[in-house]
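Chemist: coords please:
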Amino acid sequence: MRLTVLHVTAPARFGGLERVVEALAGGHRRAGHAVHVAVILDGSERDHLLAQALRQAGVAVELLALPTRAYLRERAAIAALCRRLRPAVVHTHGYRPDVVDGAVPPRFGIPVVTTVHGFTGGDWRNRFYEWLQVRAYRRFDGVVAVSRPIVERLTRAGVAQERILLLPNAWNGGRAPPPLSRAAARAVLGLDAAGAWIGWAGRLSAEKGPDVMVSALARLDDPTVRLSMLGDGPKAAALRGGGAAAAGVAERVTWHGVVPAAGRLLRAFDVFVLSSRTEGTPMVLFEAMAAGVPVVTTAVGGVPDVVSDTEALLVPPNDPAALAAAISAVLGDPAGARRRAEAARRRLEEKFRLGPWLERYESLYRTLAAGGRAGARA
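Modeler: A predicted model of the protein is given here:
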């Protein structure tokens, strides 16, 4: 039976959360379901990369361009969509839709589910938003956690186990641009063809640990080992303006800002590093695995469920010395690094395929639409 599903998201950029929404919405549309995505825009925004990608995939996009903090108007707009579309389920993504809009669908007898992509912590404002978010989850019909630590945190916060489903993200490889060759990727990024390059990609924010990456680089004595940083965020100015210089590595770091379709460029690097302090199931890790690039990563969140020491080198978070030692081990043993990279690519193809993931979400939607609970699908 065909399902009508309404996703609600307020994207700030095109990151892991947005890739999950794109994969879910596009995959279920291709399966014959009626999928709509409400994309909430703030202030002067008139469109978003996520909305553009969804349209290209044939997904119906409902753009809600609202003034900043116009939460009552936002709730009214979501209510209007619920009345017009009568979806079988509403699926929210991110703290704003969770907190502001999650209570709207039940007014129309429509079950609501969210996917918890991770918690960032950070300053008091972010922690307050996350406190509100977790309280909101207690009334959701379904709460999908993308990693085991998230399940544990939700349970500690009082979310009933019958509402929680552990469902790690999947790799949307068939829809991703193919990786460029090493030479072509370096040319696009403007990197020297010679020497060793460490790759880092993500939001330049505290939870992603870009400062840990810069500190680790300072512990690598070989000046021919350089770092390519892809991304932007609240820590960008501090890191560019003084952090790298204070660490003595300013001349060894190239800052690229946001790079569209960065996953296709990862073969430019001799090693890809994930230095996060916290994670859900990071999509950029899947991209590195698909590209066959050796990986060094912190063992946080859902990362240890994705890779083990067979596929990558794992280190503790907040430990620049351990991170530097692992990077040195990769650069000093290319054959071993290649073996792990090949094992990682095989694991990605075997364990994180898109089809079964889409089927589990569809099964969840049907269970909730029939009045069941998410935990019954675990």
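
Chemist: gap between R252 and G372?
Modeler: 55 Å (C-beta to C-beta, to the nearest Å). Bear in mind the C-beta positions are built from the backbone N, C-alpha and C, glycine included.

Chemist: What is the burial count for the spatially closest residue to G158 that is not a sequence neighbour?
Modeler: Distance criterion C-beta to C-beta, 6 or more residues apart in numbering; nearest residue to G158, sequence neighbours excluded, is R138 at 5.9 Å. R138 is flanked by 13 other residues according to other C-beta atoms under 10 Å.

Chemist: if I pick R138, what's in contact with it?
Modeler: With contacts defined as C-beta atoms under 8 Å, 6 or more residues apart in numbering, R138 is in contact with 157-160.

Chemist: Next step: those restricted to strands.
Modeler: Among the contacts of R138, DSSP state E puts none in strands.

Chemist: I'd like to know which of those are buried.
Modeler: Buried residues within the contacts of R138, defined by neighbour count using 16 or more other C-beta atoms under 10 Å: V159.

Chemist: Looking at the contacts of R138, which is nearest W200?
Modeler: Nearest to W200, judged by C-beta to C-beta, of those is A157 at 31.3 Å.

Chemist: What separation do you get for the closest one and A136?
Modeler: With C-beta to C-beta as the criterion, A157 and A136 are 11 Å apart.

Chemist: again, but for A77
Modeler: 18 Å.

Chemist: just G233 next, same as before
Modeler: 25 Å.

Chemist: quick one: which of these two has more around it?
Modeler: Relative neighbour count places A136 above the other of G233 and A136, with 22 against 19, counting by other C-beta under 10 Å.

Chemist: Which one of the contacts of R138 is nearest to S205?
Modeler: A157 (22.6 Å).

Chemist: Regarding L64, what is its secondary structure?
Modeler: strand (DSSP: H, G, I helix; E, B strand; the rest coil).

Chemist: residues in contact with it?
Modeler: 38-41, 74, 77.

Chemist: what's the answer for E342, then?
Modeler: Contacts of E342 (C-beta under 8 Å, 6+ apart): G292.

Chemist: That one looks like it's in a helix, true?
Modeler: Yes - counting by three-state DSSP, E342 falls inside a helix.

Chemist: before we move on, the earlier item: could you tell me which of the contacts of R138 belong to helices?
Modeler: The helices, defined by DSSP state H, take in nothing from the contacts of R138.

Chemist: Which one of the contacts of R138 is nearest to A23?
Modeler: V159 (24.5 Å).
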